[in-house]
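Peer 1: sharing a model prediction with you, sequence too.
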Amino acid sequence: LFAYSDADERYLFVNQAYADWYQHERSDIIGNTFKQVLPAATYKYIKPFISKINKGNAQSYVRKVIDLNGVKHSLDVHYILHFDRNHEVKAFLTSIQDVTKQKEAESHQTALRELAAALTTSLNPLGVGRVAAKTIRGVLKSDAITIELYDHKREVVQVIYSEDTFTGAIKPREVTSFDIAFSDLDFKWLEAPFVAHCINRNLSGLKQKLDTTPFDSTRTSRSLLFVPMHWEGRVVGMVSVQSYTLDKYSDADIPLLQTFADQIGGALIRAQGDAMLQEQQQKLKREEKKYRSLINNAGDAVFVASLS
(Lines give C-alpha, C1' and ligand atoms only; values in the text may rest on other atoms or scores of the structure.)
Protein backbone atom coordinates (compact mmCIF):
# COMPACT_ATOMS: atom_id res chain seq x y z
CA LEU A 1 0.00 0.00 0.00
CA PHE A 2 1.42 3.42 -0.97
CA ALA A 3 0.31 7.00 -0.45
CA TYR A 4 2.11 10.26 -1.22
CA SER A 5 1.08 13.29 0.80
CA ASP A 6 2.22 16.86 1.36
CA ALA A 7 3.30 18.39 4.65
CA ASP A 8 -0.30 19.49 5.32
CA GLU A 9 -1.43 15.83 5.36
CA ARG A 10 -3.21 16.16 2.03
CA TYR A 11 -3.15 13.17 -0.30
CA LEU A 12 -1.36 13.75 -3.61
CA PHE A 13 -1.37 10.14 -4.77
CA VAL A 14 -2.55 6.72 -3.54
CA ASN A 15 -2.28 3.36 -5.27
CA GLN A 16 -5.27 1.09 -5.77
CA ALA A 17 -4.33 -1.20 -2.88
CA TYR A 18 -4.36 1.76 -0.48
CA ALA A 19 -7.77 2.85 -1.72
CA ASP A 20 -9.12 -0.69 -1.48
CA TRP A 21 -7.86 -1.04 2.09
CA TYR A 22 -9.95 1.92 3.21
CA GLN A 23 -12.79 0.99 0.83
CA HIS A 24 -12.70 4.27 -1.08
CA GLU A 25 -12.28 5.22 -4.70
CA ARG A 26 -8.88 6.74 -5.42
CA SER A 27 -10.60 9.89 -6.69
CA ASP A 28 -12.36 10.24 -3.32
CA ILE A 29 -9.02 10.21 -1.48
CA ILE A 30 -6.67 12.33 -3.59
CA GLY A 31 -7.00 16.01 -2.67
CA ASN A 32 -8.47 15.31 0.73
CA THR A 33 -6.67 15.25 4.10
CA PHE A 34 -5.85 12.34 6.36
CA LYS A 35 -8.46 13.53 8.82
CA GLN A 36 -11.12 13.51 6.12
CA VAL A 37 -10.28 10.02 4.83
CA LEU A 38 -8.97 7.92 7.70
CA PRO A 39 -11.09 6.45 10.51
CA ALA A 40 -10.91 8.65 13.60
CA ALA A 41 -9.07 6.03 15.66
CA THR A 42 -6.46 5.55 12.91
CA TYR A 43 -5.86 9.27 12.56
CA LYS A 44 -5.49 9.68 16.32
CA TYR A 45 -2.94 6.86 16.37
CA ILE A 46 -0.74 8.17 13.52
CA LYS A 47 -0.91 11.90 14.45
CA PRO A 48 2.14 11.77 16.82
CA PHE A 49 4.19 10.16 14.04
CA ILE A 50 3.07 12.77 11.51
CA SER A 51 4.07 15.55 13.92
CA LYS A 52 7.61 14.13 14.08
CA ILE A 53 7.70 13.83 10.30
CA ASN A 54 7.07 17.57 9.95
CA LYS A 55 10.16 18.12 12.12
CA GLY A 56 12.24 16.15 9.64
CA ASN A 57 12.31 12.80 11.41
CA ALA A 58 11.48 9.67 9.41
CA GLN A 59 9.14 7.32 11.25
CA SER A 60 8.24 3.63 11.22
CA TYR A 61 6.22 1.24 13.36
CA VAL A 62 4.36 -2.06 13.34
CA ARG A 63 0.71 -1.88 14.32
CA LYS A 64 -1.90 -4.55 14.86
CA VAL A 65 -5.24 -3.57 13.36
CA ILE A 66 -8.62 -5.03 12.49
CA ASP A 67 -9.79 -4.25 8.97
CA LEU A 68 -13.29 -3.26 7.97
CA ASN A 69 -14.18 -6.94 7.51
CA GLY A 70 -13.13 -7.82 11.07
CA VAL A 71 -9.87 -9.55 10.05
CA LYS A 72 -6.75 -8.99 12.18
CA HIS A 73 -3.56 -7.73 10.52
CA SER A 74 -0.04 -6.69 11.47
CA LEU A 75 1.01 -3.68 9.41
CA ASP A 76 4.60 -2.51 8.94
CA VAL A 77 4.39 1.24 8.27
CA HIS A 78 7.21 3.48 7.03
CA TYR A 79 7.14 7.21 6.34
CA ILE A 80 9.81 8.24 3.81
CA LEU A 81 10.49 11.99 3.72
CA HIS A 82 10.82 14.24 0.67
CA PHE A 83 12.75 17.45 1.37
CA ASP A 84 12.81 20.70 -0.62
CA ARG A 85 15.94 22.74 -1.44
CA ASN A 86 15.86 24.34 2.01
CA HIS A 87 15.79 20.88 3.60
CA GLU A 88 12.24 21.43 4.77
CA VAL A 89 9.76 18.57 4.59
CA LYS A 90 7.89 19.03 1.35
CA ALA A 91 6.01 15.73 1.27
CA PHE A 92 6.34 12.14 2.36
CA LEU A 93 5.61 8.65 1.12
CA THR A 94 3.60 6.28 3.29
CA SER A 95 4.53 2.64 2.71
CA ILE A 96 2.33 0.02 4.38
CA GLN A 97 3.13 -3.69 4.17
CA ASP A 98 0.91 -6.41 5.57
CA VAL A 99 3.32 -8.61 7.58
CA THR A 100 0.63 -10.66 9.32
CA LYS A 101 1.89 -14.03 8.08
CA GLN A 102 5.49 -13.13 8.86
CA LYS A 103 4.62 -12.04 12.40
CA GLU A 104 2.53 -15.18 12.91
CA ALA A 105 5.42 -17.35 11.75
CA GLU A 106 7.79 -15.54 14.12
CA SER A 107 5.31 -15.96 16.95
CA HIS A 108 4.92 -19.67 16.20
CA GLN A 109 8.68 -20.19 16.11
CA THR A 110 9.03 -18.42 19.45
CA ALA A 111 6.27 -20.58 20.92
CA LEU A 112 7.96 -23.75 19.64
CA ARG A 113 11.31 -22.73 21.13
CA GLU A 114 9.72 -21.85 24.47
CA LEU A 115 7.79 -25.12 24.53
CA ALA A 116 10.92 -27.14 23.70
CA ALA A 117 12.85 -25.37 26.47
CA ALA A 118 10.05 -25.87 29.00
CA LEU A 119 9.74 -29.56 28.16
CA THR A 120 13.44 -30.21 28.76
CA THR A 121 12.93 -29.61 32.48
CA SER A 122 11.96 -32.46 34.78
CA LEU A 123 8.17 -32.70 34.66
CA ASN A 124 5.63 -35.38 35.44
CA PRO A 125 3.06 -36.20 32.71
CA LEU A 126 0.49 -33.79 34.16
CA GLY A 127 3.12 -31.04 34.24
CA VAL A 128 3.91 -31.71 30.58
CA GLY A 129 0.22 -31.46 29.76
CA ARG A 130 -0.16 -28.14 31.55
CA VAL A 131 2.86 -26.58 29.87
CA ALA A 132 1.83 -27.86 26.45
CA ALA A 133 -1.77 -26.68 26.81
CA LYS A 134 -0.65 -23.19 27.80
CA THR A 135 1.45 -22.92 24.63
CA ILE A 136 -1.25 -24.32 22.33
CA ARG A 137 -3.92 -22.11 23.88
CA GLY A 138 -1.79 -19.02 23.32
CA VAL A 139 -1.18 -19.80 19.65
CA LEU A 140 -4.49 -21.32 18.52
CA LYS A 141 -6.82 -19.42 20.90
CA SER A 142 -8.62 -22.62 21.85
CA ASP A 143 -11.62 -23.10 24.11
CA ALA A 144 -10.81 -26.70 25.02
CA ILE A 145 -7.77 -28.97 24.81
CA THR A 146 -7.26 -32.68 25.45
CA ILE A 147 -3.94 -34.54 25.50
CA GLU A 148 -4.11 -38.35 25.52
CA LEU A 149 -1.70 -41.28 25.51
CA TYR A 150 -2.54 -44.73 24.17
CA ASP A 151 -1.67 -47.51 26.60
CA HIS A 152 -1.78 -50.64 24.44
CA LYS A 153 -0.75 -52.93 27.30
CA ARG A 154 -3.74 -51.89 29.40
CA GLU A 155 -5.83 -51.18 26.27
CA VAL A 156 -6.92 -47.77 27.50
CA VAL A 157 -6.74 -44.16 26.38
CA GLN A 158 -4.96 -42.36 29.20
CA VAL A 159 -6.15 -38.76 29.47
CA ILE A 160 -3.04 -36.84 30.53
CA TYR A 161 -4.61 -33.39 30.57
CA SER A 162 -7.81 -31.67 29.52
CA GLU A 163 -9.24 -28.20 29.93
CA ASP A 164 -12.36 -26.30 28.92
CA THR A 165 -13.48 -22.68 29.15
CA PHE A 166 -17.03 -23.69 30.18
CA THR A 167 -19.90 -21.17 29.86
CA GLY A 168 -17.77 -18.91 27.69
CA ALA A 169 -15.19 -18.06 30.37
CA ILE A 170 -11.92 -16.57 29.13
CA LYS A 171 -9.64 -18.61 31.36
CA PRO A 172 -9.95 -22.40 30.95
CA ARG A 173 -10.45 -24.81 33.81
CA GLU A 174 -8.80 -28.18 34.17
CA VAL A 175 -11.21 -31.04 33.63
CA THR A 176 -10.96 -34.20 35.71
CA SER A 177 -10.88 -37.07 33.24
CA PHE A 178 -10.59 -40.82 33.52
CA ASP A 179 -8.96 -43.45 31.37
CA ILE A 180 -11.16 -44.73 28.53
CA ALA A 181 -11.05 -48.42 27.65
CA PHE A 182 -10.51 -49.20 23.99
CA SER A 183 -13.60 -51.37 24.16
CA ASP A 184 -15.71 -48.33 25.09
CA LEU A 185 -14.75 -46.49 21.91
CA ASP A 186 -16.37 -47.20 18.59
CA PHE A 187 -14.29 -48.31 15.63
CA LYS A 188 -14.33 -44.90 13.93
CA TRP A 189 -12.96 -43.20 17.02
CA LEU A 190 -10.15 -45.72 17.34
CA GLU A 191 -9.15 -45.07 13.74
CA ALA A 192 -9.53 -41.28 13.78
CA PRO A 193 -6.65 -40.35 16.13
CA PHE A 194 -4.07 -41.89 13.79
CA VAL A 195 -4.83 -39.37 11.03
CA ALA A 196 -4.68 -35.63 11.57
CA HIS A 197 -7.92 -33.95 10.58
CA CYS A 198 -10.11 -30.91 11.07
CA ILE A 199 -13.86 -30.95 11.70
CA ASN A 200 -16.10 -27.92 11.29
CA ARG A 201 -19.70 -28.53 12.30
CA ASN A 202 -22.40 -26.57 10.56
CA LEU A 203 -25.54 -25.36 12.30
CA SER A 204 -27.53 -28.43 11.28
CA GLY A 205 -24.85 -30.67 12.74
CA LEU A 206 -24.94 -28.75 15.99
CA LYS A 207 -28.70 -29.25 16.27
CA GLN A 208 -28.06 -33.01 16.36
CA LYS A 209 -26.31 -32.50 19.73
CA LEU A 210 -23.35 -34.60 18.73
CA ASP A 211 -21.08 -35.63 21.59
CA THR A 212 -17.82 -33.79 22.01
CA THR A 213 -15.02 -35.98 23.28
CA PRO A 214 -14.09 -35.96 26.10
CA PHE A 215 -16.92 -33.71 27.21
CA ASP A 216 -20.65 -34.12 26.71
CA SER A 217 -23.40 -33.02 24.36
CA THR A 218 -24.16 -29.90 26.43
CA ARG A 219 -20.88 -28.38 25.24
CA THR A 220 -20.65 -29.31 21.57
CA SER A 221 -17.55 -27.91 19.88
CA ARG A 222 -18.03 -26.19 16.54
CA SER A 223 -14.48 -26.43 15.22
CA LEU A 224 -12.04 -29.21 16.12
CA LEU A 225 -8.48 -30.25 15.30
CA PHE A 226 -7.12 -33.75 15.96
CA VAL A 227 -3.47 -34.68 15.45
CA PRO A 228 -1.56 -37.81 16.49
CA MET A 229 1.46 -37.61 18.78
CA HIS A 230 4.49 -39.46 17.45
CA TRP A 231 7.51 -40.92 19.21
CA GLU A 232 10.22 -42.85 17.38
CA GLY A 233 8.02 -43.39 14.33
CA ARG A 234 4.93 -44.65 16.12
CA VAL A 235 1.70 -43.05 17.28
CA VAL A 236 1.64 -42.76 21.06
CA GLY A 237 -1.38 -40.52 21.59
CA MET A 238 -3.42 -37.59 20.37
CA VAL A 239 -3.88 -33.87 20.89
CA SER A 240 -7.35 -32.42 20.39
CA VAL A 241 -7.96 -28.66 20.14
CA GLN A 242 -11.52 -27.40 20.12
CA SER A 243 -13.37 -24.12 19.71
CA TYR A 244 -16.96 -23.03 20.17
CA THR A 245 -16.58 -20.58 17.26
CA LEU A 246 -17.83 -21.69 13.84
CA ASP A 247 -15.04 -22.39 11.33
CA LYS A 248 -12.34 -21.35 13.79
CA TYR A 249 -9.83 -23.85 12.39
CA SER A 250 -8.96 -25.32 9.02
CA ASP A 251 -6.60 -27.92 7.57
CA ALA A 252 -4.01 -25.14 7.35
CA ASP A 253 -3.69 -25.24 11.16
CA ILE A 254 -2.79 -28.94 11.23
CA PRO A 255 0.98 -28.72 10.45
CA LEU A 256 1.61 -26.29 13.31
CA LEU A 257 -0.37 -28.35 15.81
CA GLN A 258 1.37 -31.49 14.54
CA THR A 259 4.75 -29.94 15.35
CA PHE A 260 3.57 -29.14 18.87
CA ALA A 261 2.08 -32.63 19.28
CA ASP A 262 5.28 -34.44 18.35
CA GLN A 263 7.25 -32.38 20.87
CA ILE A 264 4.64 -33.18 23.49
CA GLY A 265 4.62 -36.89 22.63
CA GLY A 266 8.37 -37.19 23.19
CA ALA A 267 8.18 -35.24 26.44
CA LEU A 268 5.34 -37.42 27.74
CA ILE A 269 7.19 -40.66 26.98
CA ARG A 270 10.27 -39.30 28.78
CA ALA A 271 8.14 -38.13 31.69
CA GLN A 272 6.53 -41.55 31.97
CA GLY A 273 9.96 -43.16 31.90
CA ASP A 274 11.20 -40.80 34.62
CA ALA A 275 8.10 -41.53 36.72
CA MET A 276 8.64 -45.30 36.38
CA LEU A 277 12.32 -44.92 37.29
CA GLN A 278 11.46 -42.87 40.36
CA GLU A 279 8.85 -45.43 41.37
CA GLN A 280 11.41 -48.25 41.01
CA GLN A 281 13.96 -46.28 43.02
CA GLN A 282 11.43 -45.70 45.77
CA LYS A 283 10.56 -49.39 45.72
CA LEU A 284 14.25 -50.33 46.01
CA LYS A 285 14.66 -47.95 48.93
CA ARG A 286 11.70 -49.53 50.69
CA GLU A 287 13.05 -53.02 50.05
CA GLU A 288 16.52 -51.98 51.21
CA LYS A 289 15.09 -50.54 54.39
CA LYS A 290 13.09 -53.72 54.95
CA TYR A 291 16.07 -56.05 54.46
CA ARG A 292 18.36 -53.83 56.53
CA SER A 293 15.89 -54.09 59.37
CA LEU A 294 15.77 -57.90 58.99
CA ILE A 295 19.57 -58.15 58.99
CA ASN A 296 19.93 -55.93 62.02
CA ASN A 297 17.34 -58.00 63.92
CA ALA A 298 18.91 -61.26 62.76
CA GLY A 299 22.31 -60.09 64.05
CA ASP A 300 20.93 -59.52 67.51
CA ALA A 301 19.36 -62.98 67.50
CA VAL A 302 22.66 -64.67 66.55
CA PHE A 303 24.50 -62.78 69.25
CA VAL A 304 21.98 -63.82 71.90
CA ALA A 305 22.07 -67.47 70.72
CA SER A 306 25.88 -67.59 70.92
CA LEU A 307 25.86 -66.37 74.50
CA SER A 308 23.49 -69.10 75.57
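Peer 2: Received it, and whenever you're ready, just let me know what you need.

Peer 1: mind listing the strands for the stretch 101-250 of the chain?
Peer 2: 144-151, 156-164, 173-174, 180-181, 197-200, 223-231, 234-243 (DSSP state E, counting those that start in this stretch).

Peer 1: the longest one pairs with which strands?
Peer 2: When pairs are called by DSSP bridges, strand 234-243 turns out to pair with strand 144-151 (antiparallel), strand 223-231 (antiparallel).

Peer 1: distance from the chain centre to the last one, please.
Peer 2: It stands for strand 223-231. Here strand 223-231 is found 14 Å from its chain centre; the criterion is CA atoms, centre = their mean, to the nearest Å.

Peer 1: in a strand, residue 80, correct?
Peer 2: Yes - under DSSP: H, G, I helix; E, B strand; the rest coil, residue 80 falls within a strand.

Peer 1: so it bridges to which residues?
Peer 2: Assessed by DSSP bridges, residue 80 has beta-bridge partners residue 93.

Peer 1: can you tell me the number of residues neighbouring it?
Peer 2: Burial of residue 80 is recorded as 15 neighbouring residues (other CB atoms under 10 Å). Every residue, glycine included, has its C-beta placed from N, CA and C.

Peer 1: which residues does it contact?
Peer 2: 58, 92-93, 95 (CB atoms under 8 Å, 6 or more residues apart in numbering).

Peer 1: for residue 153, state which of the residues you listed is nearest.
Peer 2: Of all the contacts of residue 80, residue 153 sits closest to residue 95, with 61.1 Å by CB to CB.

Peer 1: name the element that closest one belongs to?
Peer 2: For residue 95, the element it lies in under DSSP states H and E is strand 89-98.

Peer 1: pLDDT on stretch 180-191, on average?
Peer 2: Averaging pLDDT along stretch 180-191 gives 69.

Peer 1: ignore the last one, stretch 58-69
Peer 2: For stretch 58-69, the per-residue pLDDT averages 85.

Peer 1: which parts of that stretch are buried?
Peer 2: 59, 65 (16 or more other CB atoms under 10 Å).

Peer 1: give me the residues contacting it.
Peer 2: Against stretch 58-69 from outside (CB under 8 Å, 6+ apart): 21-23, 42, 45, 49, 52-53, 72-81, 99, 103.

Peer 1: likewise for stretch 107-126?
Peer 2: Against stretch 107-126 from outside (CB under 8 Å, 6+ apart): 128, 131-132, 135, 138-139, 149, 160-161, 256, 259-260, 263-264, 266-268, 271-272, 274-275.

Peer 1: is it true that residue 252 lies in a helix?
Peer 2: Yes - checked against three-state DSSP, residue 252 lies within a helix.

Peer 1: relative to residue 198, how far out is it?
Peer 2: Computed as CB to CB, to the nearest Å, the residue 252 to residue 198 distance reads 9 Å.

Peer 1: swap in residue 62?
Peer 2: To residue 198, residue 62 is 30 Å away according to CB to CB.

Peer 1: could you look up the SS state of residue 60?
Peer 2: Secondary structure for residue 60, judged by three-state DSSP, is strand.

Peer 1: by contact count, what packs against the helix or strand harbouring residue 46?
Peer 2: Assigned by DSSP H and E, residue 46 falls within helix 40-53. Here helix 40-53 touches helix 34-37, strand 59-66, strand 72-83, going by 3 or more CB pairs under 8 Å, 6 or more residues apart in numbering; DSSP states H and E.

Peer 1: rewinding a little: which of the residues in the strand holding residue 95 are buried?
Peer 2: By 16+ other CB under 10 Å, the buried positions in strand 89-98 come out as 89, 91-92, 94, 96, 98.

Peer 1: circling back to that earlier point, the helices and strands packed on helix 40-53: which one's closest to residue 17?
Peer 2: strand 72-83 (12.2 Å).

Peer 1: about what we covered before: can the helices and strands packed on helix 40-53 go into JSON lines with extra columns for distance to residue 238?
Peer 2: As requested, these are exported to JSON lines (distance: least, CB to CB, whole Å):
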{"stretch": "helix 34-37", "distance to residue 238": "51"}
{"stretch": "strand 59-66", "distance to residue 238": "33"}
{"stretch": "strand 72-83", "distance to residue 238": "29"}
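
Peer 1: possible to save the strands of the stretch 101-250 of the chain as CSV with mean neighbour count and distance to residue 12?
Peer 2: Conversion of those to CSV gives the following (neighbours: other CB atoms under 10 Å; distance: least, CB to CB, whole Å):
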stretch, mean neighbour count, distance to residue 12
strand 144-151, 23, 52
strand 156-164, 22, 54
strand 173-174, 12, 56
strand 180-181, 14, 67
strand 197-200, 16, 46
strand 223-231, 22, 46
strand 234-243, 22, 45
